[in-house]
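Asks: after the sequence you'll find the predicted model.
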Amino acid sequence: MTGSRVTIGYLVPVKTNLDEEDESIPKLEIFEGINSIGRDDISVSDKRVSRKHISLNASLDGSLEVTVEGGNPIAIKFGDGRKKLVSKESAILVHGDIVELIPGHHFFKYVKSAVDEGTLSLGTNKRFDMKPGEDENINLKRKRQIDEDEALARTLQDEMMRDVSAPKRNMVTGSSSYPPNQGQTSFDSHDGSGTIRQFDVAKSKLPLGFRLLRVKGLPSWANSSTVSIQDVIQGNVLVAVLSNYMVDMDWLISACPTLTRIPRVLVIHGEGDRTLSHLQRNKPANWVLHKPPLPISYGTHHSKAMFLVYPKGVRVAIHTANLIHVDWNNKSQGLWMQDFPWKDQNDQNKICGFENDLVDYLSALKWPEIEVSLPVIGNVKINSSFFRKFDYSSSAVRLIGSVPGYHTGSNLKKWGHMKLRSVLRDCVFDKEFQKSPLVYQFSSLGSLDEKWMAELASSMSSGSTHDKLSLGLGKELIVWPTVEDVRFSLEGYAAGSCIPSPQKNVEKDFLKKYWAKWKADHSGRSRAMPHIKTYTRYSGQNLAWFLLTSANLSKAAWGALQKKDSQLMIRSYELGVLFLPTSIKKDCSFSCTDNGGSTEVKCESSKNGEDRQTKLVTLCWKGNKNTHSSSEVITLPVPYELPPQPYSSEDVPWSWDKRYFKKDVHGLVWAR
């Protein structure tokens, strides 16, 4: 259907404070007669909004009758009043009324056309004016992007999840509004199994492990030794390099006002053109935006890291959260960070593996040089080589990065799963890890096959025992939320937007043997859906190694071998940190943000000056640290339980493009 129709008015997107959104978010034109509005019209991937969510019957007098067509309610705000409408209910809209497509989310103001009395403008409905085949091409491209990786499902909007908290509580009884028989443990009557209560990290040990991000709505014990973004970006930062995929600049600045006082900020991102135009118009004048080159189709910049330059040194933080409200408040996430001092003049040529890996990765990003004047140092150019000015000899982890391209020769083992394979191959592990299980835990599942899974397992199984025997392949488990996990999560079905794997990827028959439950009672995070990505090899509560990374389980992130294993093809940028049981001669507690003190690294020599072997364990490890005089026990707050519990016959893995009509904890359904 093409042609001109009478324009009655517009649905104009507004923020929660009712200010109009940036013009990059289109307003919806309303024509005389019946109009249908749904998820595709508002360009978000919130499955709570149906394809045909509401219908609008517009009259020439400017009045508008709205009817709820989808399975979820909407809300209408008029003057000082507000009314909730459920499926098939109707109401009349007048100029200035607000429609909430999901109560509390996706706000639109109805604005009549600005025309002379008795006269109405003519407009072309662009939704009915596509060229032949154009709609199909757009849908095909969108479908392909969703299939490739979580990062390509960009349309997640921060506003969709603004201020989502734990289920509403009865103000009289204090009871939660969970549906009956949903089988969740009450936080308030917790039986004491929350072992994260005992997780207390000494400052000198922070670089040796990682921490979980704070989750809004959890009890205080579940947020023991957790971090917020203000804990990372603090102090007298001179230059900040923020690497991420999604960036909500308005939220970022409000959540971390310190950023407004930093002289130069470089944001390396993976945003699409529509969101980028908003960032460019609204960024502070001293901020520089950069999107790294993507030489292979359907790749993305997905790495999540911060590099903060201080007068005393640099802070390196690798984490799993997008720079948006929901990721830093409602999800299970992880972060590692360590501070490093400037190199002494006499040590400018001192280089370690961490430094080389970091600079090689930063070089691939190809950001424009930024000239700044730093105290004492003077004028410098902020490029990848600049980061060689710091002493990383105390680094407690190895970097595992991915860079898009076709990697051959000496670069074959430099990136992706081949980098992990080469690092693990040089490591020696206790015999208990021979043929021990492997866990893959992530938030998006690519389009996989058994051949590639075997390829990845070969890399994950690398390493040898002290008697020079190969560790060998172990049973692989995929920790992944079920439909019921998402339904009863803190956010309800809305959490499924950040677990964006389609049914055709999730329901492959060969994957059934891998599925294991997301169960996290000991960390208080069973109902905080995971956006964290971790890979590990374990025996009981002992860990051979542990990887915290941005990489989901996909060929785009980890790479796939080609040409008889002589070439590794990677589509996306990823970055992670690998924790290993290494020998340490000293414990370093250097900090860029401690007031006063020396600018030198303060180190405590190990007992008798002998090397001590680190031993990696989970929160649930029952050993006595005092009995391990020859080893340094490092507790890593793995949020899910080990060993993971396999799916039962009733468990169904979450797919974000299926329809779920059982209501979630907020009384909503999830429909296509």
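Replies: Received, thanks.

Asks: so is the closest residue to Q338 other than its chain neighbours in a helix, a strand, or just coil?
Replies: Leaving aside its sequence neighbours, Q338 sits nearest to P207 (CB to CB, 6 or more residues apart in numbering; 3.8 Å). Bear in mind the C-beta positions are built from the backbone N, C-alpha and C, glycine included. Put simply, P207 is helix when judged by DSSP: H, G, I helix; E, B strand; the rest coil.

Asks: now swap in E371 and tell me
Replies: E371 - assigned by three-state DSSP - is strand.

Asks: hmm, the residue nearest to Q338 is touching S394, no?
Replies: Yes: with contact defined as CB atoms under 8 Å, P207 reaches S394; the gap is 7.2 Å.

Asks: look up how far A317 lies from the residue nearest to Q338.
Replies: 11 Å (CB to CB, to the nearest Å).

Asks: what is in contact with those two at once?
Replies: M337 (CB atoms under 8 Å, 6 or more residues apart in numbering).

Asks: so P502 touches P653, yeah?
Replies: No: counting by CB under 8 Å, P502 does not reach P653; the two are 11.6 Å apart.

Asks: of those two, which one has the most company?
Replies: P653 (22 against 18; other CB atoms under 10 Å).

Asks: ok, the more buried one - contacts?
Replies: W480, P481, T482, V483, V506, E507, L511, W515, Y647.

Asks: neighbour-wise, which of those leads?
Replies: Ranked by neighbours (other CB under 10 Å), those are led by W480, which has 27 neighbours.

Asks: for V66, pull up the helix or strand it's in.
Replies: strand 64-68 (DSSP states H and E).

Asks: packing partners for whichever helix or strand comes after that strand?
Replies: Downstream of strand 64-68, the next assigned helix or strand under DSSP H and E is strand 74-78. For strand 74-78, the packing partners by 3 or more CB pairs under 8 Å, 6 or more residues apart in numbering; DSSP states H and E come out as strand 64-68, strand 81-85, strand 98-102.

Asks: deepest in the core, which of those is it.
Replies: Of the helices and strands packed on strand 74-78, the one with the most neighbours on average (mean count of other CB atoms under 10 Å) is strand 98-102, at a mean of 22.

Asks: average pLDDT across the helix or strand immediately after that strand in the chain?
Replies: Going down the chain from strand 98-102, the next helix or strand is strand 105-112, by DSSP H and E. For strand 105-112, the mean pLDDT works out to 92.

Asks: pairing partners for strand 105-112, with directions?
Replies: Applying DSSP bridges, strand 105-112 is found paired with strand 4-14 (antiparallel), strand 98-102 (antiparallel).

Asks: just for this protein, where's the confidence low?
Replies: 1-5, 22-24, 114-194, 583-588, 595-612, 625-630, 672 (pLDDT under 70).

Asks: just the helices in it please.
Replies: 39-42, 134-148, 229-232, 249-255, 273-282, 325-329, 353-365, 416-425, 450-460, 483-487, 503-506, 555-558 (DSSP state H).
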